[in-house]
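Colleague: The following comprises the amino acid sequence and a computationally predicted model.
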Amino acid sequence: MAKAVRPNLRRIYSALVALFLLLAGLGPALAEETFQEGQLSIVTQGGARHAFTVELALTPRQRAQGLMNRRTMADDRGMLFSFGETRQVLMWMKNTYLPLDMLFIDEGGAIRTIREKAEPLSEAIIDSRVPVAYVLELNGGAARKLGIRTGDRVESPVISGSGGQP
């Protein structure tokens, strides 16, 4: 009986060691990203100007994390994603608890598409529909409340061609 138990203990021990090594290797990947902040303004076609302080999602890991796991965000805050290229962008709301408005912005700062009140925690794909270089996420309902529409402009040091840096 003792001989039968010993091989099982070895397998369990080996499995635990492998699990530990796997989790130890994932530790940095599971860490929360930190974000630089910057300022931007949205200028409507009617001339209204709306200022926001935004966190900048510039790296792949920052873009992957985005606003996941956040429970609140002030009305004058948001997150600006810079993709470093112009392309069709696909977003989702997995692990994101806040309803968000997503403003898809071209390389020149023009808002090309707006997706209002994206559903929290949804894995549904949110498509830019056109090639864009940036996405601005604001609290859900902000675009409608502030009268922001496609064709309005976003002004930011990031968007002005400084290579994605604030």
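Modeller: In hand now; what should we look at? Numbering: from 1, shown residues only.

Colleague: Double-check residue 117 against residue 142; I have them as touching.
Modeller: No - contact criterion C-beta atoms under 8 Å: residue 117 and residue 142 do not qualify, at 9.6 Å. No exception for glycine: its C-beta is placed from N, CA and C like everyone else's.

Colleague: Neighbour count for the two, which is higher?
Modeller: Between residue 117 and residue 142, counted using other C-beta atoms under 10 Å, residue 142 has the larger neighbour count: 23 against 15.

Colleague: Not counting sequence-adjacent ones, nearest residue to that one?
Modeller: Leaving out its chain neighbours, the residue that sits closest to residue 142 by C-beta to C-beta, 6 or more residues apart in numbering is residue 101, at 5.3 Å.

Colleague: any idea of the mean pLDDT in the longest strand along the chain?
Modeller: Using DSSP state E to define each element, the chain has its longest strand at strand 77-87. Averaged across strand 77-87, pLDDT comes to 96.

Colleague: Domain parsing of this protein, as residue ranges.
Modeller: What automatic domain parsing lists as the domains of the chain is 1-31, 36-155.

Colleague: ok now do the spatially most central residue of the chain, which residues does it touch?
Modeller: Geometric centre of the chain, nearest residue: residue 66, 2.7 Å, by C-alpha atoms, centre = their mean. Listed by C-beta atoms under 8 Å, 6 or more residues apart in numbering, the contact set of residue 66 reads 57, 79, 81, 96, 137.

Colleague: Many thanks, we can stop here.
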